[in-house]
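[1] Below: sequence and its predicted model.
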Amino acid sequence: MLERQKLERMWIGAQEWGLGRMDNIGARQLPPHLATGLRGEQAALFELRRRGIVIVARRWTSPRVLGDVDLIGWEGETLCFIEVKTRTARDLAPAEVQVDEDKRRTLRSLARAYLRTFPESERSTIPVRFDVVSVYLLGGAPEFDLFPGAFDWR
């Protein structure tokens, strides 16, 4: 079992490395803050996979609701809507405080839109969680602060 877990972690690491290299091929120049955000989302995606969350959507949008959900994944039977905040320094205010009430309202609306893609009979039985992941790109390996269940439907 430990050998299998080690191989899974190595495989995820290889995928992360390869995707990072492919992003550099023919990449258009993005403003620095957008490039930082994308690097953080990608780092969070692979970190969450290492922690056993099955990511099913990245930067999901709805034609009916403005905005996007950074990551959507399943942790066991729970559907997780994940907002990623990335910083290149640890400021006085942590990254996760940037998920204000307006952003929470948007994420809740997007979650309702995503749930409408499931059969009506299943929607009410799916446990939903709203998570926030703070990613700090400080020069070495990314650092992560995870906040599962950071807020709820209200």
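    Arrived safely, thanks for sending. Numbering: from 1, shown residues only.

[2] now the helices: where do they sit in the chain?
    For the chain, applying DSSP state H gives helices covering 2-24, 32-50, 101-115, 120-123.

[3] for these, which one sits closest to R90?
    Nearest of the helices of the chain to R90, taken as Cβ to Cβ: helix 32-50 at 13.7 Å. Every C-beta, even on glycine, is put in place using the N, C-alpha and C of the backbone.

[4] which other helices and strands contact the closest one?
    Contacts defined by 3 or more Cβ pairs under 8 Å, 6 or more residues apart in numbering; DSSP states H and E place helix 32-50 against helix 2-24, strand 54-60, strand 69-75, strand 78-87, strand 128-136, strand 143-151.

[5] can you list the residues that contact the third one?
    Taking contacts as Cβ atoms under 8 Å, 6 or more residues apart in numbering, the residues outside strand 69-75 that touch it are 41, 44-45, 48, 52-61, 79-84, 107, 110-111, 114, 129, 133, 148.

[6] same thing with the fourth one?
    Residues outside strand 78-87 that contact it (Cβ under 8 Å, 6+ apart): 36-37, 39-41, 43-44, 48, 53, 69-74, 95-96, 98-99, 103, 107, 110-111, 114-115, 126-137, 148, 150.

[7] Could you identify the buried members of the residues you listed?
    Buried members of these, scored by 16 or more other Cβ atoms under 10 Å, are 36-37, 39-41, 43-44, 48, 53, 69-73, 95-96, 99, 107, 110-111, 114-115, 128-137, 150.

[8] Not counting sequence-adjacent ones, nearest residue to L45?
    Spatially, and ignoring its direct neighbours in sequence, L45 is nearest to I55 (5.6 Å; Cβ to Cβ, 6 or more residues apart in numbering).

[9] Which strand residues bridge the one you found?
    As for beta bridges, I55 partners with G73 under DSSP bridges.
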